[in-house]
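Chemist: this is the structure alone, sequence omitted:
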């Protein structure tokens, strides 16, 4: 009897401790102290972070209408990008800046639930709060779309959001993948690639639980929708010059004058809005990451 | 021989070899022929676009005569009937094809992109031989039409 009682207490303590350490943790209230968002600067952050690529309607070319609805098929189910327009009913219009920032940088909803990592908060957590304040200021200038968000189609056990706290502990690492960039260009490129641009979300292979394999960072991955393969963009798979990479991110033309296709065309629509210096920084970073051999 | 010329010739030879490979695969001769023809067509777009894009990006010197000829080729290519190329069954379920099957259920989008390409190519052909600035100003919509089609109807490489 004493054994079973001890076991029950142990399980209870471990369970409660686990729930506590993996609880949703919104940003501290002081996050935006002394920071005022600039909507003009936020438009560039909006492009760099690729918000429109996921949150516009599936049949829309208008990056300002963030009504959501695009489907993202994964091994864990199908996720639908939510409405993040300024609608007070269906979007984020009624949320505070801190609530929006907690969603973006911590993957925590205003009602204190974990978001699924189909939303790349694991990358955005590395963003500068000033950039996020600018982004939020820009989002607030966009029109409201009165389209209800669709429920994700995720089966048991992945539909238990509490478990996402454990996923975050294991895989949502806040440290940089490239710990010691060699110059300012690469530091800027690291920020654009690892944080805002969240390039690793598609270009890095995942383990069975959906965590990114940082040992093969940007080394290419299976396309979750089954079409082809997301390419290796390390020097082990991409032999373009830094100038070629920057040009591709600007015009969509490859060095042999093919054009970007599939999801990458959306990305180029975003990177084409960046400055030449930022595109060069991304290129410098991609030339500096460790080469991952092609399979 | 310049590296760019080698690249172009390699691309065309590869396209031709790919076409020949279809003959040995399990697809019907009609499907194999359609795939080879449309990829050759795309190869010709690419060949001429490489000349124009190389000049626009100032990787090769601007040459008015060559620019005008390449742009005229693009415009002519965009007006050719491709009706026989796009056969159901020639999508990415067949080895060697990266065509998304959606092209067969979304004819409206495909036709609109084809029209955009024809208009953009015609506009480029009008000015490509004028000067470099005119070429640089008119090539963007051509690239956009190419990109729109690849975004909607081409799968990533395996």
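Modeler: Received the coordinates, thanks. The structure displayed is predicted, hence computed values, not measured ones.
Chemist: I'd like the next helix or strand past the top helix by length along chain B.
Modeler: Ranked by residue count, the top helix of chain B under DSSP state H comes out as helix B:29-56. Using DSSP states H and E, the next helix or strand after helix B:29-56 towards the C-terminus is helix B:64-79.
Chemist: contacts for that following helix, please.
Modeler: The contact list for helix B:64-79 (Cβ atoms under 8 Å, 6 or more residues apart in numbering or on different chains) reads B:41, B:44-45, B:48-49, B:51-52, B:55, B:114, B:117-118, B:121-122, B:124-125, B:128-131, B:135, B:142. Quick note: C-beta positions are derived from backbone N, CA and C, even for glycine.
Chemist: could I get the buried residue list for that helix?
Modeler: Neighbour counts over helix B:64-79 (16 or more other Cβ atoms under 10 Å in any protein chain shown) mark B:66-75, B:77-78 as buried.
Chemist: and chain B, which of its residues are near chain A?
Modeler: Applying Cβ under 8 Å from any Cβ of the partner chain, we find that chain B lies next to chain A at B:7, B:11, B:46, B:49-50, B:53-54, B:57, B:92, B:98, B:100, B:140, B:143-144, B:146-148, B:150-151, B:154-158.
Chemist: mind redoing it with 7 Å?
Modeler: Residues of chain B lying near chain A by Cβ under 7 Å from any Cβ of the partner chain: B:7, B:11, B:46, B:49-50, B:53, B:57, B:92, B:98, B:143, B:146-147, B:150-151, B:154-158.
Chemist: restricted to helices, list these.
Modeler: Reading helices off the residues of chain B next to chain A with DSSP H, I get B:7, B:11, B:46, B:49-50, B:53, B:143, B:146-147, B:150-151.
Chemist: just the buried members of those residues?
Modeler: Looks like these have B:11, B:46, B:49-50, B:53, B:143, B:146-147, B:150-151 buried, using 16+ other Cβ under 10 Å.
Chemist: settle this for me: residue A:108 is touching residue A:22, isn't it.
Modeler: No: taking Cβ atoms under 7 Å as the definition, residue A:108 is not a contact partner of residue A:22, at 11.9 Å.
Chemist: of the two, who's got more company?
Modeler: residue A:108 (24 against 18; other Cβ atoms under 10 Å in any protein chain shown).
Chemist: nearest residue to the more buried one in space, ignoring adjacent ones along the chain?
Modeler: residue A:24 (4.3 Å; Cβ to Cβ, 6 or more residues apart in numbering or on different chains).
Chemist: low-confidence bits of chain B, can you list those?
Modeler: B:1-25 (pLDDT under 70).
Chemist: if you count neighbours, what's buried in the helix or strand that residue B:123 is a member of?
Modeler: Residue B:123 belongs to helix B:107-127 when assigned by DSSP H and E. For helix B:107-127, the neighbour count (16+ other Cβ under 10 Å) marks B:109-110, B:113, B:116-118, B:120-125, B:127 as buried.
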